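**Q** give me a model of this one.
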Amino acid sequence: MTVYADILFLVNFSMDFLTLYLTSRILSRPSGKLRLSISSVIGAAFATIFTLIQVNSNLITTGTGLILTFIMTRIAFGKYRSKMRLVRDSVIVWGAGVLLGGLMTSLLSLGDPVYIDYGQDFSPVFLACVLISLTVVRLFSSARSKKSVSVSIKAEGMTVIITGLCDSGNAAREPFSSLPVIIVSIKALDNIGSLLLCDDTPLKLRFVPVDGIGGHTVMRGFIPDEVVIDNHSVSAVIAADIKHRDFSGYDAVVPDVLCRK
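**A** Now for the predicted structure:
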């Protein structure tokens with residue numbers, strides 16, 4: 001079989017980009033086209049090199065593939081505060097890649113064997129994979145009912161961007177302003193969290209009574225300069241959870257009322 005390096009690179013780039021895009025939609029983890037492109041270029045380059053030099057060791061191929069998946073995930077989706085979440089997302093990227101690769105092979109096998117020669121009638125098969133992937137994303141998104149959101153919090157010149165879980169059970173309100181409360185892991189707040197714990201903090205402190213998160217408690221919170229949820233500015237109070245609870249793998253619990261557009 002004749003293999004053209006340029007076409008092989010473009011095929012792998014396309015599949016890697018589609019895999020990462022599919023993963024970002026499934027995880028509701030936004031990623032820019034530049035990040036996805038850089039990550040896809042790295043994946044396609046390694047795949048092309050391995051094919052051309054004909055690496056026959058399954059151990060080397062699998063090991064390199066795993067390491068490459070971690071690198072591509074990190075580049076595509078940015079900094080991770082939790083190593084376990086990086087591992088989880090990398091596994092999903094790997095799984096999505098295997099799914100699309102198997103789908104591509106299945107569709108190719110339905111036609112003439114010459115289709116396996118990269119460059120001949122590849123576009124229709126790739127477009128079919130794109131349509132099937134987008135359908136999966138749509139079905140998956142409908143099933144999840146948009147339960148996760150991107151939350152940007154600004155205070156004292158600092159900004160943190162986290163992923164929150166929409167929860168109708170979070171009905172906490174700040175007593176004086178009656179604003180809804182977003183409960184955020186203190187670790188996810190990064191430098192803002194450190195500032196919040198200072199005795200002489202310049203933040204606009206609030207103490208928020210909360211029920212349902214490990215019983216009745218009072219959380220230390222503050223009024224941020226700005227809160228943006230999925231590109232929509234909202235009014236809310238941020239309360240810090242200092243007990244490092246796991247919000248189903250998310251950084252925060254967002255009241256359902258703030259998730260509605």
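**Q** show me what counts as buried in stretch 150-169.
**A** 151-153, 155-156, 159-160, 162-167 (16 or more other C-beta atoms under 10 Å). To be clear about C-beta, it is placed using only N, CA and C from the backbone, and glycine gets the same treatment.
**Q** okay, it in PDB with CA atoms only?
**A** Extracted in PDB, the C-alpha atoms of stretch 150-169 (Å, rounded to 0.1, in the frame of the first residue of the first chain):
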ATOM      1  CA  SER A 150     -18.200  27.600  32.800                       C
ATOM      2  CA  VAL A 151     -17.900  30.200  35.700                       C
ATOM      3  CA  SER A 152     -15.600  33.200  35.600                       C
ATOM      4  CA  ILE A 153     -15.100  35.000  38.900                       C
ATOM      5  CA  LYS A 154     -13.300  38.300  39.200                       C
ATOM      6  CA  ALA A 155     -12.300  40.000  42.400                       C
ATOM      7  CA  GLU A 156      -9.500  42.400  43.400                       C
ATOM      8  CA  GLY A 157      -8.000  42.400  39.900                       C
ATOM      9  CA  MET A 158      -7.800  38.600  39.800                       C
ATOM     10  CA  THR A 159      -9.800  36.100  37.700                       C
ATOM     11  CA  VAL A 160     -10.400  32.400  38.000                       C
ATOM     12  CA  ILE A 161     -12.300  30.300  35.500                       C
ATOM     13  CA  ILE A 162     -13.900  27.100  36.800                       C
ATOM     14  CA  THR A 163     -16.400  24.500  35.900                       C
ATOM     15  CA  GLY A 164     -19.600  24.400  38.000                       C
ATOM     16  CA  LEU A 165     -22.300  21.800  38.400                       C
ATOM     17  CA  CYS A 166     -25.900  23.200  38.100                       C
ATOM     18  CA  ASP A 167     -27.800  22.000  41.100                       C
ATOM     19  CA  SER A 168     -31.500  22.700  41.800                       C
ATOM     20  CA  GLY A 169     -30.800  21.600  45.400                       C
END
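**Q** quick one: contacts of that stretch?
**A** Here stretch 150-169 makes contact (C-beta atoms under 8 Å, 6 or more residues apart in numbering) with 28-30, 146-149, 182, 184, 188-192, 195, 202-203, 212, 222, 224-230, 238, 247-248, 250-256, 258-259.
**Q** just the buried residues of the residues you listed.
**A** Counted by 16+ other C-beta under 10 Å, those give 28-29, 147-149, 182, 184, 188-189, 192, 195, 203, 222, 224, 227-230, 238, 247, 250-255, 258-259 as buried.
**Q** from those residues, which ones fall inside strands?
**A** Among the buried ones among the contacts of stretch 150-169, the ones falling in strands (DSSP state E) are 148-149, 182, 184, 222, 227-229, 238, 252-255.
**Q** widest-spaced pair of the residues you listed?
**A** Maximum pairwise distance in these, criterion C-beta to C-beta, is 23.4 Å, between 148 and 222.
**Q** can you tell me the SS state at the nearest residue to residue 147 once chain neighbours are set aside?
**A** Leaving aside its sequence neighbours, residue 147 sits nearest to residue 166 (C-beta to C-beta, 6 or more residues apart in numbering; 5.2 Å). Of the three states, residue 166 takes strand according to DSSP: H, G, I helix; E, B strand; the rest coil.
**Q** could you do the one 10 residues further on as well?
**A** When states are read from three-state DSSP, the local structure at residue 176 comes out as coil.
**Q** then residue 34?
**A** What three-state DSSP gives for residue 34 is helix.
**Q** tally of neighbours for it?
**A** 8 (other C-beta atoms under 10 Å).
**Q** if I look at it, how far off is residue 192?
**A** Between residue 34 and residue 192 the distance is 27 Å, computed by C-beta to C-beta, to the nearest Å.
**Q** looking at it, residue 77 is touching residue 31, isn't it?
**A** Yes: with contact defined as C-beta atoms under 8 Å, residue 77 reaches residue 31; the gap is 5.4 Å.
**Q** any common contacting residues for those two?
**A** residue 24.
**Q** so between these two, which is more surrounded?
**A** Taking neighbours as other C-beta under 10 Å, residue 77 and residue 31 compare with residue 77 leading, 23 against 18.
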